[in-house]
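Student: just the structure for this:
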Amino acid sequence: MKKLFFLLLAVPGMAIAAGAGVPLDRAPINPHNQESLQRGASVFVNYCLSCHSASYMRYSRMEDIGLTEAQIKDNLLFATEKPGETMTIAMRADEAKVWFGATPPDLSVITRSRGSDWLYTYLRGFYRDDTRPLGWNNRVFDKVGMPHVMQDLQGHMVPVMRAETDAEGRPHEVIDRLELVKPGKLTLAEYDALVGDLVNYMTWMGEPAKTQRMNIGLAVLLFLGVFYVIAFYLKKEFWKDVH
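Tutor: Next up, the predicted model:
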């Protein structure tokens with residue numbers, strides 16, 4: 001039991017360590033921007049849901065970001081027929097492990113596990129690497145087993161290296177930046193905006209009730225503040241004749 005406890009404590013650290021040494025870009029998160037969330041939901045269904053599931057999320061929950069049931073059925077239901085079903089995939093876990101070397105993780109709460117900034121930087125950090133089985137690597141997650149599924153949109157990036165020395169004075173090369181060598185369908189700015197919408201949606205998906213929870217919490221604090229003032233003066237009135 002103790003080993004399990006310490007392993008759970010180590011998981012967030014492991015997630016951060018995967019991107020150690022790489023500065024993370026700030027993700028444009030705005031849970032009140034429904035247009036961004038809707039665009040992100042479309043990208044998620046078209047590019048992520050083929051291999052990754054989001055088994056804790058129901059399609060019908062997208063009504064909370066302004067989509068109607070008809071819009072969900074017409075534009076987002078590719079893996080099922082009922083909006084009330086969860087966002088699962090047909091690919092079997094054992095087959096996925098053979099094809100990719102590891103089972104693609106469920107993405108329901110990936111931003112709560114890794115962080116929105118990590119995911120935003122990761123999805124923009126793929127580059128060509130012919131030494132990898134799938135031909136792709138990632139500057140945030142070295143030796144990643146995931147292919148660059150949005151390469152047709154971003155294009156092909158290659159690393160530009162720079163020389164550094166380690167703590168013992170030994171020289172080595174690290175990635176300085178990524179450079180576009182084969183354009184995609186979008187400009188880099190457009191691709192960054194698309195990834196921003198996707199991460200915005202996935203952040204919302206990780207906790208759809210967060211905005212409502214925060215509004216309720218604010219209302220409770222406001223009530224307690226007002227009640228404190230009333231209780232304070234009531235106490236003074238009740239105790240004014242007590243010496």
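Student: shaky segments in the protein?
Tutor: Scanning the chain for pLDDT under 70 picks out 1-20, 79-80, 94-101, 243.
Student: residue boundaries of the helices in it?
Tutor: In the chain, the segments counted as helices under DSSP state H are 2-17, 34-43, 69-75, 93-100, 110-114, 116-123, 151-154, 188-206, 210-238.
Student: got a markdown table for those, with mean neighbour count and distance to E81 too?
Tutor: From N, CA and C alone the C-beta is placed, and that goes for glycine too. Listed next are these as a markdown table, based on neighbours: other CB atoms under 10 Å; distance: least, CB to CB, whole Å:
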| stretch | mean neighbour count | distance to E81 |
| --- | --- | --- |
| helix 2-17 | 10 | 35 |
| helix 34-43 | 19 | 18 |
| helix 69-75 | 13 | 8 |
| helix 93-100 | 12 | 23 |
| helix 110-114 | 19 | 26 |
| helix 116-123 | 23 | 30 |
| helix 151-154 | 17 | 28 |
| helix 188-206 | 21 | 21 |
| helix 210-238 | 10 | 29 |
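Student: and those: which comes nearest V140?
Tutor: V140 sits nearest to helix 116-123 of all the helices of the chain, at 4.4 Å, using CB to CB.
Student: remind me what that closest one packs against, helices and strands.
Tutor: Contact here means 3 or more CB pairs under 8 Å, 6 or more residues apart in numbering; DSSP states H and E; on that basis helix 116-123 packs against helix 110-114, helix 188-206.
Student: so what secondary structure elements neighbour the shortest one?
Tutor: Other helices and strands packing on helix 110-114, by 3+ CB pairs under 8 Å, 6+ apart, are helix 2-17, helix 116-123, helix 188-206.
Student: at 7 Å instead, please
Tutor: helix 188-206 (3 or more CB pairs under 7 Å, 6 or more residues apart in numbering; DSSP states H and E).
Student: take the helices of the chain and write them to JSON lines, including distance to E63.
Tutor: Shown next, in JSON lines, are these (distance: least, CB to CB, whole Å):
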{"stretch": "helix 2-17", "distance to E63": "31"}
{"stretch": "helix 34-43", "distance to E63": "11"}
{"stretch": "helix 69-75", "distance to E63": "7"}
{"stretch": "helix 93-100", "distance to E63": "30"}
{"stretch": "helix 110-114", "distance to E63": "21"}
{"stretch": "helix 116-123", "distance to E63": "23"}
{"stretch": "helix 151-154", "distance to E63": "27"}
{"stretch": "helix 188-206", "distance to E63": "13"}
{"stretch": "helix 210-238", "distance to E63": "14"}
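Student: between the helices and strands packed on helix 116-123, which one is nearest to D74?
Tutor: helix 188-206 (18.1 Å).
Student: pull the residues that contact the closest one.
Tutor: Helix 188-206 has contacts (CB atoms under 7 Å, 6 or more residues apart in numbering) with 27-31, 33, 36-37, 39-41, 43-44, 54, 57, 65, 107-112, 116, 119-120, 123-124, 153-154, 180, 184, 186.
Student: could you redo the last one with a cut-off of 8 Å?
Tutor: 27-31, 33, 36-37, 39-41, 43-44, 47-48, 54, 57, 65, 107-112, 116, 119-120, 123-124, 150, 153-154, 180, 184, 186, 210 (CB atoms under 8 Å, 6 or more residues apart in numbering).
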